[in-house]
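S.K.: Coordinates only, no sequence provided:
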């Protein structure tokens, strides 16, 4: 693998990346950016549609420091003309850019859509005309058909011709497809941690398909930036509130991924809001196909699936406070931790999965996909290991 020297990322105000970057670099000097397979030999100009929410802020945090990316434009219809750092104060000093309206978008190398569900489909032809590669973080193109969208989201899909053109954005499962893709659909945050937790067990034929029960404990940021009665501090603080005991939409994504692994499973999710800003912890109850299956067999299935994968950690320790996956220590990271325990009194296998919903669940996973599409090392710009204590 060869290398090249680039100035560290700094804000651009519309100038083509082949000419120069305007503004003061976030930190001086140069960094070494590996080039893989000749796919990307100049910094990628990446723009964001919908950069005022939490996902947009996480994308900016990661991309402004990414050595192979130049942040182009960031849109917000409501906040056009305002500083990015006004809504994302952790970016003070990193960028002097302001939001622009969607109609002001210039062409770029990669366009990332960080919009509410149902919005991307309304202007997909426009977005595709702005960039040869698009990553959509919403739910609009995650499912297999317009009919599946309508069944789970309750509205007609207005861009049915785009189905079949998006690749599922789970690098641990579909890396080769993502490398060659023009359009990638990022998974739901609860969906990706559950899929990563279950997929190796399905591939190895270790669990039964009849009923897989997922108890998902969710941090408040997964509900998004827009305030609501439920997010009002006196109502949200201190809760352990069941808000979707049945019928969670991410069941469709998980079942779809497991069908791709060879199992027509029934996935039942119960979601609970807990006192946590970032993070998801799923406790999955699956049932072994063969009661004689040992924990060693389960461990080997995970090792076979994720050996060498930079962002999956199998966590099963006999001592210490963090014997099993814990969202708290994953805050800010792109890591998914997976643990498990066999119930000796039955054929039940309990699987635990934890992520930061804004990073591995959304923005960090998108950057991981971007790296694959660009020919960069998969972990580039995503090396932050988390904090302890926090």
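M.R.: Looks like it arrived, so ask away. Note that the structure is a prediction, hence the values are computed from the model and not measured.

S.K.: And the next helix or strand past the longest helix seen in the chain?
M.R.: The longest helix of the chain (DSSP state H) is helix 189-203. With elements assigned by DSSP states H and E, the helix or strand that comes after helix 189-203 is strand 212-218.

S.K.: buried ones in that next one?
M.R.: Across strand 212-218, burial judged by 16 or more other C-beta atoms under 10 Å covers 212, 214-218. All C-beta atoms are positioned from the backbone trio N, CA, C, and that covers glycine.

S.K.: Using JSON lines, lay out those residues together with pLDDT.
M.R.: Below are the buried residues of strand 212-218 laid out as JSON lines (pLDDT from 0 to 100):
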{"residue": "212", "pLDDT": "98"}
{"residue": "214", "pLDDT": "98"}
{"residue": "215", "pLDDT": "98"}
{"residue": "216", "pLDDT": "97"}
{"residue": "217", "pLDDT": "96"}
{"residue": "218", "pLDDT": "93"}
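
S.K.: picking that back up, and the angle from the longest helix of the chain to strand 212-218?
M.R.: 150 degrees (axes from the mean of the first three to the mean of the last three C-alpha atoms, to 10 degrees).

S.K.: nearest to residue 134, of the buried residues of strand 212-218?
M.R.: Proximity of the buried residues of strand 212-218 to residue 134 (C-beta to C-beta) peaks at residue 218, which lies at 27.4 Å.

S.K.: That closest one contacts residue 272, doesn't it?
M.R.: Yes. Using C-beta atoms under 8 Å, residue 218 makes contact with residue 272 at a distance of 6.8 Å.

S.K.: related to what we said a few turns ago, give me the helices and strands touching the longest helix of the chain, please.
M.R.: When contacts are defined as 3 or more C-beta pairs under 8 Å, 6 or more residues apart in numbering; DSSP states H and E, helix 189-203 sits against helix 171-179, strand 212-218, helix 250-260, strand 267-274, strand 280-287, helix 295-306, strand 336-342, strand 348-355.

S.K.: So for it, mean pLDDT?
M.R.: Mean per-residue pLDDT for helix 189-203: 98.

S.K.: hey, which helix or strand in this protein has the poorest pLDDT?
M.R.: For the chain, counting by mean pLDDT, DSSP states H and E, strand 2-7 ranks last in confidence among helices and strands (a mean of 37).

S.K.: Of all the helices and strands packed on helix 189-203, which one is nearest residue 147?
M.R.: Residue 147 sits nearest to helix 250-260 of all the helices and strands packed on helix 189-203, at 11.2 Å, using C-beta to C-beta.

S.K.: Verify the contact between residue 388 and residue 329 for me.
M.R.: Yes. Residue 388 is within contact range of residue 329, at 5.5 Å (criterion: C-beta under 8 Å).

S.K.: Looking at these two, which is more packed in?
M.R.: Just comparing residue 388 and residue 329: by other C-beta atoms under 10 Å the higher neighbour count belongs to residue 329, 21 against 9.

S.K.: how much space between that one and residue 62?
M.R.: Distance from residue 329 to residue 62, counting by C-beta to C-beta, to the nearest Å: 19 Å.

S.K.: for residue 223, same thing?
M.R.: 21 Å.

S.K.: Likewise for residue 301?
M.R.: In this view, residue 301 and residue 62 are 31 Å apart by C-beta to C-beta.

S.K.: what bits of this structure have low per-residue confidence?
M.R.: Within the chain, the ranges that satisfy pLDDT under 70 run 1-41.

S.K.: Might you report the residue contacts of the closest residue to residue 182 other than its chain neighbours?
M.R.: Closest residue in space to residue 182, ignoring its immediate chain neighbours: residue 133 at 5.5 Å, by C-beta to C-beta, 6 or more residues apart in numbering. Contact partners of residue 133, counting by C-beta atoms under 8 Å, 6 or more residues apart in numbering, are 109-111, 181-184, 373.

S.K.: cutoff 7 Å now
M.R.: Contacts for residue 133 (C-beta atoms under 7 Å, 6 or more residues apart in numbering) come out as 109-110, 182, 373.

S.K.: Also residue 248?
M.R.: By C-beta under 7 Å, 6+ apart, the residues touching residue 248 are 269, 271.

S.K.: Helix, strand, or coil at it?
M.R.: For residue 248, the secondary structure call by DSSP: H, G, I helix; E, B strand; the rest coil comes out as coil.

S.K.: Now the phi/psi pair for it, please.
M.R.: Main-chain dihedrals, residue 248, degrees, to the nearest 10: phi -70, psi 130.

S.K.: Please determine how far it is located from residue 188.
M.R.: 9 Å.

S.K.: and if you look at residue 348?
M.R.: On the measure of C-beta to C-beta, residue 348 and residue 188 end up 25 Å apart.

S.K.: ditto for residue 289
M.R.: Noted for residue 289: a distance of 27 Å to residue 188, by C-beta to C-beta.

S.K.: Between those two, which has more neighbouring residues?
M.R.: Here residue 289 and residue 188 are compared on neighbour count by other C-beta under 10 Å; more neighbours surround residue 188, at 24 against 15.

S.K.: doesn't residue 139 make contact with the more buried one?
M.R.: Yes. The pair residue 188 and residue 139 passes the contact test of C-beta atoms under 7 Å, sitting 6.5 Å apart.

S.K.: ok so, going back, any idea which of the helices and strands packed on helix 189-203 gets closest to residue 52?
M.R.: strand 212-218 (21.6 Å).

S.K.: what does the closest one contact?
M.R.: Contacts of strand 212-218 (C-beta under 7 Å, 6+ apart): 190, 194, 198, 265-274, 280-286.

S.K.: So what's the residue count around residue 190?
M.R.: 28.

S.K.: can you check residue 260 too?
M.R.: 16.

S.K.: do the same with residue 309
M.R.: With other C-beta under 10 Å as criterion, residue 309 counts 15.
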